[in-house]
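Colleague: Sharing a model prediction with you, sequence too.
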Amino acid sequence: MASSTAALEHPTGAGWSRAGGGLARGFVTAYLSLVVLLPLAALVWSARGGGLAEFWHQATEPEAIAALKLTLGLAAACAAVNAVAGTATAWVLVRDRFPGKGLVDSVIDLPFALPTIVAGLTLLALYGPGGPFGIDVAFTRIGILMALLFVTLPFVVRAVQPVLIELDEDMEDAAASLGAGPIGVFRKIVFPNLLPAVLSGVALAFARAVGEFGAVVLISGNIPFKTEVSSVYIFGQLQSGNGSGAAAVSVLLLAISLGVLLAIGAFRRWRTRHDRV
Amino acid sequence: MSRYLLRFGVLGYLALILLVPVGFVFYRAFEHGFAHAWDAVTTPEALHALWLTLLIAAIAVPVNTIVGVILALALVRGRFSGRGLLNAVVDLPLAISPVIVGLGLVLLYGRGGWLGGLADHGLHILFAVPGMVLATMFVSMPFVVREVVPVLREIGIEQEQAAETLGAAPFQVFRRVTFPAIRGAVAYGVVLTTARAIGEFGAVSAVAGNVEGKTQTLPLYVKAQFDGFDTAGAYASSVVLALIAIAVVVSLRVLQPKEH
């Protein structure tokens, strides 16, 4: 969305339009419509198929609402932890120096590459029943949160890292020489510069946490009203043949999650503009 | 002092949440010896699941690569109304739960769905490989586009225009000027697409029907083994997937542009 406005400022290639750009555009639009938009349209259609009252009834089943509250709460907690831990991790990777740093930097990408079901299994093996440390968080909200933190680990780190690399250390030195303490420097200089990147990382982490299925399905135990998150609830409704109920909950979940993303994006743009003045 | 506190805090967090769990699965997979683990991943079911996983990736990744490059060109070089919308659609799969993707496909191609009639004509999408391919294409679509777009924007169009002025045909311009410039980004995107395609669980699980030895990919096989209390088999197959993931991470490192 931000990139689309940047694209507008960029000159376009005459070659693109002469090389049958319209044809190529038609092809990719058709592809996206068939692969992405059509299934989503079918979802929305199915959700509203029984009328608005039926949609609302299905979407606000007590079990569905409990799952929705749990999902949003855990995603918010996951986003908050990531904001702090991700920024700290990026800081250590950019500013600190220690042997093996390159390896640690590479490892950050592992959650992107590791299948989510494997992520869930690894956490369950270590922190589940019969684990080597005697810690058992299986079938608890802590367990779900850990799974979400595992899969969302890279987002904030990878968003903040390039900004931190570009950030001029002279500014911080100047602030320090004018008498600002380390906390003052961070609060007044570093934090405002990093905030837009932190927010975009947090938004991605939040969206991922809201929708995550593979990593949580094993460790959550899926106890209704206790550890059942929305994605698992939707999957359960689908398996038991209630496709329209699953669709209703999905539409509500999508609306809330897109709303949060838009709000974070708007806040981010507002902050960026605000700082430039 | 605070520097060390931060360093060990971060390393401790990474160890707790990521490194020790992944390492422990390797330990668990091999605790009864290598031969045992090897037997577990070379059963006919496991081999079929691996083969199917690779087959689906072999279809979804090239399609998404070609589409991704064309999409990136359209988004950066094209000028048409609705480009903002197209850009938003490209990001959709990153914001939508895989389960919801699978659900959408089931509702579209299932009984009573808009395209549910295809099954009557012998074209089975759901609980068959085509549905699994469609689910994988959906979730792995954005990666090539997202890697190529910033590079296309960065390189600008001067060189392409120069080539055109010198008489190069449009496709020649792409082959000789544009493609060499975006090759690194395409490769990076392909690796990310492959990782996602191989590892996808939720979307594929919803459409697969999960018939052992038929519509079971390796991630689905891991889940089935675990549910069937064959944890040794689940751990061994997880190690295969983890090794693929490590190969992905290493490739990303190798492909990473130098200035990072």
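Modeller: Okay, I see it. Residues are numbered from 1 along each chain as shown, chains lettered A, B, ... in the order given.

Colleague: Just to check, A:V107 is in contact with B:V249?
Modeller: Yes: if you go by C-beta atoms under 8 Å, A:V107 and B:V249 touch, sitting 7.4 Å apart. For the C-beta atoms, the positions are set from N, CA and C on the backbone; glycine is no exception.

Colleague: Domain map for chain B?
Modeller: Domain assignment for chain B by automatic domain parsing gives B:1-31, B:37-255.

Colleague: any low-confidence regions in chain A?
Modeller: Scanning chain A for pLDDT under 70 picks out the ranges A:1-20, A:274-277.

Colleague: For the residue positioned nearest the centre of it, what is the enclosing helix or strand?
Modeller: The centroid of chain A falls nearest to A:A205 when counting by C-alpha atoms, centre = their mean (2.2 Å). A:A205 belongs to helix A:191-211 when elements are defined using DSSP states H and E.

Colleague: swap in B:I66?
Modeller: Counting by DSSP H and E, B:I66 is found in helix B:44-77.

Colleague: Pull the distance from the helix or strand that contains A:L148 to the chain's centre.
Modeller: Counting by DSSP H and E, the element that carries A:L148 is helix A:141-166. Distance, stretch centre to chain centre, for helix A:141-166: 9 Å (C-alpha atoms, centre = their mean, to the nearest Å).

Colleague: That one and chain B in contact?
Modeller: Yes: for helix A:141-166 and chain B, the contact criterion (C-beta under 8 Å from any C-beta of the partner chain) is met by A:M146, A:L149, A:F150, A:L153, A:P162, A:I165.

Colleague: which stretches of chain B form helices?
Modeller: Ranges of helices in chain B, per DSSP state H, are B:2-14, B:20-30, B:34-41, B:44-77, B:83-95, B:98-109, B:129-139, B:142-155, B:158-165, B:170-173, B:179-199, B:202-208, B:218-227, B:231-255.

Colleague: can I get these in a markdown table with mean neighbour count and distance to chain A?
Modeller: Listed next are those as a markdown table, based on neighbours: other C-beta atoms under 10 Å in any protein chain shown; distance: least, C-beta to the nearest C-beta, whole Å:
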| stretch | mean neighbour count | distance to chain A |
| --- | --- | --- |
| helix B:2-14 | 15 | 5 |
| helix B:20-30 | 19 | 4 |
| helix B:34-41 | 15 | 13 |
| helix B:44-77 | 21 | 4 |
| helix B:83-95 | 17 | 4 |
| helix B:98-109 | 29 | 3 |
| helix B:129-139 | 25 | 5 |
| helix B:142-155 | 21 | 6 |
| helix B:158-165 | 15 | 5 |
| helix B:170-173 | 18 | 3 |
| helix B:179-199 | 21 | 3 |
| helix B:202-208 | 28 | 4 |
| helix B:218-227 | 23 | 5 |
| helix B:231-255 | 20 | 4 |
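
Colleague: Mean pLDDT added to those helices, as TSV?
Modeller: Listed next are those as TSV, based on pLDDT from 0 to 100:
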stretch	mean pLDDT
helix B:2-14	91
helix B:20-30	93
helix B:34-41	92
helix B:44-77	95
helix B:83-95	88
helix B:98-109	96
helix B:129-139	96
helix B:142-155	93
helix B:158-165	89
helix B:170-173	87
helix B:179-199	94
helix B:202-208	94
helix B:218-227	94
helix B:231-255	93
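
Colleague: so which of these gets nearest A:G22?
Modeller: Of all the helices of chain B, it is helix B:44-77 that lies closest to A:G22, at 9.6 Å by C-beta to C-beta.

Colleague: how big is the angle separating that closest one from helix B:142-155?
Modeller: Here helix B:44-77 runs at an angle of 30 degrees relative to helix B:142-155 (axes from the mean of the first three to the mean of the last three C-alpha atoms, to 10 degrees).

Colleague: Provide the contact partners of stretch A:156-176 at residue level.
Modeller: A:82-83, A:85-87, A:89-91, A:93-95, A:108-109, A:182, A:184-185, A:188-190, A:193-194, A:196-198, A:200-202, A:204-205, B:260 (C-beta atoms under 8 Å, 6 or more residues apart in numbering or on different chains).

Colleague: okay if I get the domains of chain B as a markdown table plus distance to A:P39?
Modeller: Below are the domains of chain B laid out as a markdown table (distance: least, C-beta to C-beta, whole Å):
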| stretch | distance to A:P39 |
| --- | --- |
| domain B:1-31 | 33 |
| domain B:37-255 | 3 |
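
Colleague: So which of those domains is nearest A:G259?
Modeller: Among the domains of chain B, the nearest to A:G259 by C-beta to C-beta is domain B:37-255 (11.3 Å).

Colleague: now do the same end-to-end measure for that closest one.
Modeller: Counting by C-alpha to C-alpha, to the nearest Å, you get 32 Å between the two ends of domain B:37-255.

Colleague: roughly how far is it from the heart of the chain?
Modeller: 4 Å.

Colleague: ditto for stretch A:246-265
Modeller: How far stretch A:246-265 lies from its chain's middle: 13 Å, per C-alpha atoms, centre = their mean.

Colleague: Next up, the contacts around A:G214.
Modeller: Contacts here follow C-beta under 8 Å, 6+ apart; on that basis A:G214 touches A:P115, A:T116, A:I117, A:A119, A:G120, B:P98, B:G199, B:F201, B:G202, B:S205, B:P219.
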